[in-house]
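**Student:** output the structure for:
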Amino acid sequence: MGGKEKLLFGTALSVVLPENAKDVSGIRDIPDNQEVFCHPVTDQSFIIELLEFVDGTDEEAIKTHFEDLASCNEASASAQIIRVEEIPVQQTSMGECTSVWQLSGRQNVAKFHDTAENIVNVHMGVIRLTEYRTDIVITFNDPVLISPESSSYAPIPTSAGPWQVEDFHKAVTSLQLLDPGIFSD
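**Tutor:** I've put the predicted structure just below:
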């Protein structure tokens, strides 16, 4: 499991992602609060977002972020949470955080204007920064089944080397804050 450090939001944050992670901002517009990376062959992606701090318990916060994602994906009816767990802060590179949580779930998602749904495992990490009233959300979208009717459908060569859950864990635990000025108004 190799990885390469990527600078995010200019030089405000850094994260270790798989070496072949491609920055999507050169292909399409990305909101200012997001960084998006895709696998060059599979339909996998990493999304790193700076989101408003969700009040409530940490476990409620990560579930809220997952439910918001399901709503945006129009997958609310099919969204299911499989596991939620806390990662000890000392196992991460983010000393400024209050807590770190991860969630594994699944959603049936139609891409773009497709009607065909794909089954996607969603791994989500939430790094809670109470001081800055920010939740940093790292989402690893890992399709399990892409419908042949989907615009994303293409046979994937066995040599493609899909990303693994370990790559997601590395991203969550390697995230570092380099410039807290990113949270200034």
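**Student:** distance check, Ile87 against Glu96.
**Tutor:** Distance, Ile87 to Glu96, by C-beta to C-beta, to the nearest Å: 15 Å. Where you see a C-beta, it was placed from the backbone N, CA and C, and this is true even at glycine.
**Student:** neighbour count winner among the two?
**Tutor:** Between Ile87 and Glu96, Ile87 has the larger neighbour count (other C-beta atoms under 10 Å), namely 18 against 14.
**Student:** could you find the closest non-adjacent residue to that one?
**Tutor:** Closest residue to Ile87 apart from its sequence neighbours, by C-beta to C-beta, 6 or more residues apart in numbering: Val100 at 4.3 Å.
**Student:** tell me which residues of the longest helix along the chain come out buried.
**Tutor:** In the chain, with assignment by DSSP state H, the single longest helix is helix 58-72. Using 16 or more other C-beta atoms under 10 Å as the test for burial, helix 58-72 gives 58, 61-66, 69-70.
**Student:** next: stretch 29-45.
**Tutor:** For stretch 29-45, the neighbour count (16+ other C-beta under 10 Å) marks 34-39, 42-45 as buried.
**Student:** find the centremost residue of this structure, please.
**Tutor:** Thr139 (1.3 Å; C-alpha atoms, centre = their mean).
**Student:** so where does that residue fall, helix or strand?
**Tutor:** Per DSSP states H and E, Thr139 falls inside strand 134-145.
**Student:** okay, that strand in PDB with CA atoms only?
**Tutor:** Provided in PDB are the C-alpha atoms of strand 134-145 (Å, rounded to 0.1, in the frame of the first residue of the first chain):
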ATOM      1  CA  THR A 134     -15.500  22.700  11.300                       C
ATOM      2  CA  ASP A 135     -15.900  19.000  10.500                       C
ATOM      3  CA  ILE A 136     -13.400  17.700   7.900                       C
ATOM      4  CA  VAL A 137     -15.100  14.900   6.100                       C
ATOM      5  CA  ILE A 138     -13.100  12.300   4.000                       C
ATOM      6  CA  THR A 139     -15.300  10.100   1.900                       C
ATOM      7  CA  PHE A 140     -14.000   7.000   0.000                       C
ATOM      8  CA  ASN A 141     -16.600   5.900  -2.600                       C
ATOM      9  CA  ASP A 142     -15.900   2.300  -3.500                       C
ATOM     10  CA  PRO A 143     -18.400   0.900  -6.100                       C
ATOM     11  CA  VAL A 144     -19.300  -2.800  -5.500                       C
ATOM     12  CA  LEU A 145     -21.500  -3.100  -8.600                       C
END
